[in-house]
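[1] I'd like to go over a predicted model; first the sequence, then the structure.
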Amino acid sequence: MCESAGDDSDTCCVIFYGVWSIVIGALSLITAISLAAVFWTALDLVDQAYATMMIALVLIILLAIVSGTYVFAGVFLMVGLSYQSKRIFIVGKILSYFFPIYTFKSIFTIVVHFVILPKICRYVQKTWH
């Protein structure tokens, strides 16, 4: 992923993860909003499975919220990197935890998170300590 960058591989991985968070979070947010709209309109049509539909709608709304935090995480990571602001960068790092936890069944998000996380920590150590 970022190993070919040589000495600056941590910075490359931070940029990759910031862009990854923005793109995956935005795609997931769009999907969650469209699914919420479908489920919201279908609530009136289904009488027998109303409770199940309501639970699914709540889970989809939670996905939308978590996806929004992932987009913000990527933005904060990129802004913190650009302006060399440790506080903004750490906020982005903390916000990036929620999406992989919520979507743990789609294994690629959690794998990417755990592969990149040590590089992000090493970048923070190298840059601000």
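    Good, I have the coordinates. Numbering: from 1, shown residues only.

[2] tell me the pLDDT at the spatially most central residue of the chain?
    Nearest to the geometric centre of the chain sits residue 70, at 3.0 Å (C-alpha atoms, centre = their mean). Listed pLDDT for residue 70 reads 98.

[3] thought it was touching residue 20?
    No - contact criterion C-beta atoms under 8 Å: residue 70 and residue 20 do not qualify, at 9.3 Å. Where you see a C-beta, it was placed from the backbone N, CA and C, and this is true even at glycine.

[4] Excluding residues flanking it in the chain, which one is nearest the residue nearest to the centre of the chain?
    Of all residues not flanking residue 70 in the chain, residue 25 sits nearest, at 3.2 Å (C-beta to C-beta, 6 or more residues apart in numbering).

[5] Okay, and the one you found sits in which element?
    helix 9-42 (DSSP states H and E).

[6] pLDDT on that helix, on average?
    94.
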